[in-house]
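Visitor: what follows is a protein structure lacking sequence information:
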């Protein structure tokens, strides 16, 4: 099984075409639902009592929810607006609500989980939590500009505490103070990560491990409606695929990244989780095949 | 053989590490020298009498110069500065000089050239010139923001007059008024191009032909010194490879794009033409092999 620790949110997402208010979102939601296409996935997160029943049903349909705390108060809320190009998002409002005082705990049943994905949580929480697992085979963390700016030392400590880091290009530059992405990745590996995955949105990703570099182009999507959660879906699918294979072989990590790319490409085709909750394993397999054929030369 | 029509320049290139003054540059210089690694390449361009003998020797060492006009006056000069990230360049000065009144002519010996590359020249000149060839099998043009802003209709006419368009992502958006690159390419194909190649700098490229999309990641370079001419080297190598195979098969076009990527990656490793003039076909073959292995999964 795979355990995913991160946020569940009520998102208001404003794109040039449409504003979606209070829809189900959050980094862990996207990551865990993508992962669940491959393997049983447990979610560690917190929501408030205001989470609509319909959303709770979506979560429970796809995920194991022993790790989901339901607290007095309101669910974490995020409000953001994309620019015309859908490549830049500015935050209008963030309300931590129940997330503010949440102390995540690993349920007994999850402690044997060998694959653990820690989304862009407070790095100190991620460090504490990853230690609660008995026999981690592969742990991966994400991070974000907020933590890099406010808790850079803790972010670096977190990198030492996990096997892999997934991070977007701008945040890799911010964190390492390097501009060239190859140099960014080398620095993060020097800090102790075995694997560094740099996400480049519509441009795909770069994976680094020892002397290996694995670049992947993104699956081209002609009709991007909402990029929210694409990076989380990418990371979740990657972890889900690896957990399903119980493997950390480099050849499987490369395949996992392609599955990550493909889930990211599905995520952006509809608003919020709409596409992810409907895709079937056949859809995924077909798109992976298409991609393999596409890039062959 | 391949014919390349474009500019030869004396460039002043300011990067954060170094300013190179009055070095040999120009879109045709980069494209033709890259192409010459694969096939005999003729250059149609103009320079002034001030072009240093050393630079003339570089050109004559790699290229057929029957199409090079030497005019009274000064060579085209360009002065630009890169930002810290080496991803944005601002123009400080452009002096057209002999380029201003140049009427390009195709030498008799080039008229049988089946492969023709028209760099980012005035689109009206490109249209006129491509008609002077007797039996073009594959012609490709580039363009730039200046022409899109001042002569958009002529750019679209030029697209109808050639087989393939190579264009960078920002310019594709500017030209088509579309934001999504898949849509940009579809629009350019509707205007009459059989092949559209969108260059994305360090993120590689996307090739479109009928229903085919061929995305390629760039070859990762850890030590980028000067990105000048990378896109021209990409296009030149692509054309040089195709001309050497005398082929327009889609499988060869895909391979040609990989060679383009690889030549682009060499170009940025040194200032100006320094790396391109020293690489041997063995270096190219090794990097193509490395790339093939790198992206396999």
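Guide: It's in. None of the values given here were measured: they were computed from a predicted structure. Numbers count the residues shown, from 1 in each chain, chains lettered A, B, ... in the order given.
Visitor: switch to C-alpha atoms for all contacts and neighbour counts from now on
Guide: Fine.
Visitor: run a quick neighbour tally on residue A:34.
Guide: For residue A:34, the count of nearby residues is 34 (other Cα atoms under 10 Å in any protein chain shown).
Visitor: near chain B, which residues of the stretch 51-200 of chain A show up?
Guide: A:85, A:179-183 (Cα under 8 Å from any Cα of the partner chain).
Visitor: quick check: PyMOL command selecting the buried ones in those.
Guide: Buried members of these, defined by 16 or more other Cα atoms under 10 Å in any protein chain shown, are picked up in PyMOL with:
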select buried, chain A and resi 179+180+181+182+183
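Visitor: closest one of the residues of the stretch 51-200 of chain A next to chain B to residue B:161?
Guide: Nearest to residue B:161 out of those is residue A:85 (Cα to Cα; 30.3 Å).
Visitor: shouldn't that closest one be within a strand?
Guide: No - read with DSSP: H, G, I helix; E, B strand; the rest coil, residue A:85 is coil and lies in no strand.
Visitor: test my guess that it contacts residue B:181.
Guide: No - when contacts are counted by Cα atoms under 8 Å, residue A:85 is not listed as touching residue B:181 (10.6 Å).
Visitor: just give the closest residue to the residue in the stretch 1-150 of chain A positioned nearest to chain B, not the sequence neighbours.
Guide: Nearest to chain B in the stretch 1-150 of chain A, going by Cα to the nearest Cα, is residue A:85, at a distance of 5.9 Å. Excluding its sequence neighbours, the residue lying closest to residue A:85 (Cα to Cα, 6 or more residues apart in numbering or on different chains) is residue B:179, at 5.9 Å.
Visitor: do you know the pLDDT at the one you found?
Guide: What the model reports as pLDDT for residue B:179 is 94.
Visitor: pLDDT averaged over the helix or strand residue A:172 falls within - what is it?
Guide: Using DSSP states H and E, residue A:172 sits within helix A:169-176. Helix A:169-176 carries an average pLDDT of 97.
Visitor: list the buried residues of that helix.
Guide: Result for helix A:169-176 [16+ other Cα under 10 Å]: buried residues A:169, A:171-176.
Visitor: do the same with stretch A:270-290
Guide: Per 16+ other Cα under 10 Å, stretch A:270-290 contains these buried residues: A:270-273, A:276-277, A:284, A:287-288.
Visitor: give the other helices and strands that the helix or strand hosting residue A:139 contacts.
Guide: Residue A:139 belongs to strand A:138-141 when elements are defined using DSSP H and E. Helices and strands touching strand A:138-141, by 3 or more Cα pairs under 8 Å, 6 or more residues apart in numbering or on different chains; DSSP states H and E, are strand A:115-118, strand A:164-168.
Visitor: show residues contacting the very next helix or strand once past it.
Guide: Toward the C-terminus, strand A:138-141 is succeeded by helix A:145-150 as the next helix or strand (DSSP H and E). With contacts defined as Cα atoms under 8 Å, 6 or more residues apart in numbering or on different chains, helix A:145-150 is touched by A:122-123, A:155, A:171, A:174-175.
Visitor: same question for helix A:145-150, mean pLDDT?
Guide: Averaged across helix A:145-150, pLDDT comes to 96.
Visitor: just stretch A:235-248 next, same as before
Guide: Across stretch A:235-248, pLDDT averages out at 98.
Visitor: between the buried residues of helix A:169-176, which sits nearest residue A:254?
Guide: Checking the buried residues of helix A:169-176 against residue A:254 with Cα to Cα, the nearest one is residue A:169 at 18.7 Å.
Visitor: buried residues of the next helix or strand after the helix holding residue A:172, list them for me.
Guide: Using DSSP H and E, the helix or strand that follows helix A:169-176 in sequence is helix A:181-190. Residues of helix A:181-190 classed as buried: A:181-189 (neighbour count, 16+ other Cα under 10 Å).
Visitor: same check on stretch A:122-129?
Guide: Per 16+ other Cα under 10 Å, stretch A:122-129 contains these buried residues: A:122-123, A:125-127, A:129.
Visitor: okay if I get the residues you listed as JSON lines plus pLDDT?
Guide: Below are these laid out as JSON lines (pLDDT from 0 to 100):
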{"residue": "A:122", "pLDDT": "96"}
{"residue": "A:123", "pLDDT": "98"}
{"residue": "A:125", "pLDDT": "97"}
{"residue": "A:126", "pLDDT": "98"}
{"residue": "A:127", "pLDDT": "98"}
{"residue": "A:129", "pLDDT": "97"}
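Visitor: end-to-end on stretch A:150-169?
Guide: In stretch A:150-169, first residue to last residue: 19 Å (Cα to Cα, to the nearest Å).
Visitor: now swap in stretch A:115-133 and tell me
Guide: Stretch A:115-133 has an end-to-end distance of 10 Å (Cα to Cα).
Visitor: identify all contacting residues around that stretch.
Guide: By Cα under 8 Å, 6+ apart, the residues outside stretch A:115-133 that reach it are A:1-7, A:27-28, A:103-106, A:110-114, A:136-144, A:147, A:151, A:154-155, A:157-158, A:161-162, A:232, A:236, A:239, A:242-243.
Visitor: just the buried residues of those.
Guide: The neighbour-count criterion (16+ other Cα under 10 Å) marks A:1-7, A:27-28, A:104-106, A:110-114, A:136-144, A:147, A:154-155, A:158, A:161-162, A:232, A:236, A:239, A:242-243 among the contacts of stretch A:115-133 as buried.
Visitor: out of the residues you listed, which sit inside strands?
Guide: Judged by DSSP state E, the buried ones among the contacts of stretch A:115-133 include A:2-5, A:138-141 as members of strands.
Visitor: save these as CSV, and put in pLDDT too.
Guide: Formatted as CSV, these follow (pLDDT from 0 to 100):
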residue, pLDDT
A:2, 98
A:3, 98
A:4, 98
A:5, 98
A:138, 98
A:139, 98
A:140, 98
A:141, 98
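Visitor: want to try JSON lines for the residues you listed, with distance to residue A:218 as columns?
Guide: Formatted as JSON lines, those follow (distance: Cα to Cα, whole Å):
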{"residue": "A:2", "distance to residue A:218": "25"}
{"residue": "A:3", "distance to residue A:218": "26"}
{"residue": "A:4", "distance to residue A:218": "24"}
{"residue": "A:5", "distance to residue A:218": "26"}
{"residue": "A:138", "distance to residue A:218": "24"}
{"residue": "A:139", "distance to residue A:218": "24"}
{"residue": "A:140", "distance to residue A:218": "21"}
{"residue": "A:141", "distance to residue A:218": "21"}
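Visitor: quick one: the residue most central in space within chain A from chain B, how far?
Guide: Nearest residue to the geometric centre of chain A (Cα atoms, centre = their mean): residue A:232, 2.6 Å. Separation of residue A:232 from chain B (Cα to the nearest Cα, to the nearest Å) stands at 21 Å.
Visitor: list the contacts for that residue?
Guide: Counted by Cα under 8 Å, 6+ apart, residue A:232 has contacts A:27-28, A:30-31, A:119, A:264.
Visitor: swap the cut-off to 10 Å and go again
Guide: A:26-35, A:119-120, A:142, A:166, A:238, A:260, A:263-264, A:267 (Cα atoms under 10 Å, 6 or more residues apart in numbering or on different chains).
Visitor: repeat that for residue A:230.
Guide: Contacts here follow Cα under 10 Å, 6+ apart; on that basis residue A:230 touches A:27, A:30-31, A:34, A:199, A:201-202, A:236, A:260-269, A:272-273.
Visitor: narrow the residues you listed to those in strands?
Guide: Per DSSP E, the subset of the contacts of residue A:230 in strands is residue A:199.
Visitor: which ones among the contacts of residue A:230 map onto helices?
Guide: A:27, A:30-31, A:34, A:236, A:260-267 (DSSP state H).
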